[in-house]
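Undergrad: Attaching a predicted model along with its sequence, questions to come.
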Amino acid sequence: LVLCKSMCPQINKPVVSIIVLTYNRPDEISNNIEQLLALNTKGIEIIVVDNASEVSVKTFLPADDRLKFIELEKNIGVGGRNAGILAAKGEIVITIDDDVTGLTDEAIEEIIKQFHIDDVAAVNFKVIDEQTHEITNWCHHRKKEIYVDTIFDTYEISEGAVAFRKDIIVEAGLYPEFFFISHEGPDLAIRIMDLGYRVIYNPTVTVKHS
């Protein structure tokens with residue numbers, strides 16, 4: 001796949017799909033979507049996957065052509081991410097949780113650049129605590145004190161803060177839904193690597209976790 005060919009301005013479809021998984025967090029998802037709609041990057045679609053919240057997100061989120069809603073009948077955990085990925089039109093999919101914010105136009109540009117490297121199929125973000133700005137959600141088997149600000153290969157996926165080449169994650173079989181939550185990240189990472197692709201961590205893309 002040569003992404004630069006499909007990213008030419010004359011192609012009238014989203015380059016990047018941002019998938020936000022939410023469940024019973026109206027304040028967090030409202031703040032998240034407000035920030036995403038303020039992005040200036042062209043060709044973005046935002047898919048909100050509602051994992052059967054008690055109050056539908058469609059009742060309080062704004063109407064916008066860039067927003068697409070998927071409302072699930074029950075909470076299927078990580079399976080909600082799969083629903084968003086399958087519905088995405090972008091060659092690149094970014095999956096974040098409703099309480100993960102701070103995605104910038106510069107970060108999206110960096111993500112696109114990483115996927116011009118042929119064998120990179122997944123990019124993990126640096127995640128910091130929203131209040132303390134300290135590193136959080138560190139799942140990689142390296143000392144964060146040494147590697148937190150370096151790019152490296154990993155066999156972990158931080159599910160709520162990661163980007164994929166859509167074709168590869170679909171070929172790998174998507175997230176294993178039988179885990180519901182936890183353990184699905186390394187399972188998927190290993191299947192991606194089994195296909196001959198790399199999973200990396202890139203601290204240039206930094207997001208905040210509430």
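TA: Here it is on my side, so go on.
Undergrad: so is the closest residue to residue 126 other than its chain neighbours in a helix, a strand, or just coil?
TA: Nearest residue to residue 126 in three dimensions, chain neighbours excluded: residue 203, at 3.9 Å (CB to CB, 6 or more residues apart in numbering). Where C-beta positions appear, they are placed from N, C-alpha and C, glycine not excepted. In three-state terms, and counting by DSSP: H, G, I helix; E, B strand; the rest coil, residue 203 is strand.
Undergrad: ok, so what distance separates residue 205 from residue 179?
TA: As judged by CB to CB, to the nearest Å, residue 205 and residue 179 stand 25 Å apart.
Undergrad: same thing with residue 159?
TA: 10 Å.
Undergrad: Now stretch 33-50: average pLDDT?
TA: Per-residue pLDDT values across stretch 33-50 average out to 96.
Undergrad: Go through that stretch and flag the buried ones.
TA: Buried residues in stretch 33-50, counted by 16 or more other CB atoms under 10 Å: 33, 36, 39, 41, 43-50.
Undergrad: Next up, the contacts around the most centrally placed residue in the chain.
TA: Centroid-nearest residue in the chain, with CA atoms, centre = their mean: residue 95, separated by 1.8 Å. With contact set as CB atoms under 8 Å, 6 or more residues apart in numbering, residue 95 has these partners: 19, 21, 81, 84-85, 159-160, 162-164.
Undergrad: any idea of the mean pLDDT for the host helix or strand of it?
TA: Residue 95 is located in strand 92-97, with elements delineated by DSSP states H and E. The average pLDDT within strand 92-97 is 97.
Undergrad: Which residue ranges of this structure form strands?
TA: 16-22, 44-50, 67-71, 92-97, 100-101, 120-129, 152-153, 161-165, 198-209 (DSSP state E).
Undergrad: Using JSON lines, lay out the ones you listed together with distance to residue 189.
TA: Below are the strands of the chain laid out as JSON lines (distance: least, CB to CB, whole Å):
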{"stretch": "strand 16-22", "distance to residue 189": "18"}
{"stretch": "strand 44-50", "distance to residue 189": "21"}
{"stretch": "strand 67-71", "distance to residue 189": "24"}
{"stretch": "strand 92-97", "distance to residue 189": "13"}
{"stretch": "strand 100-101", "distance to residue 189": "19"}
{"stretch": "strand 120-129", "distance to residue 189": "7"}
{"stretch": "strand 152-153", "distance to residue 189": "10"}
{"stretch": "strand 161-165", "distance to residue 189": "10"}
{"stretch": "strand 198-209", "distance to residue 189": "5"}
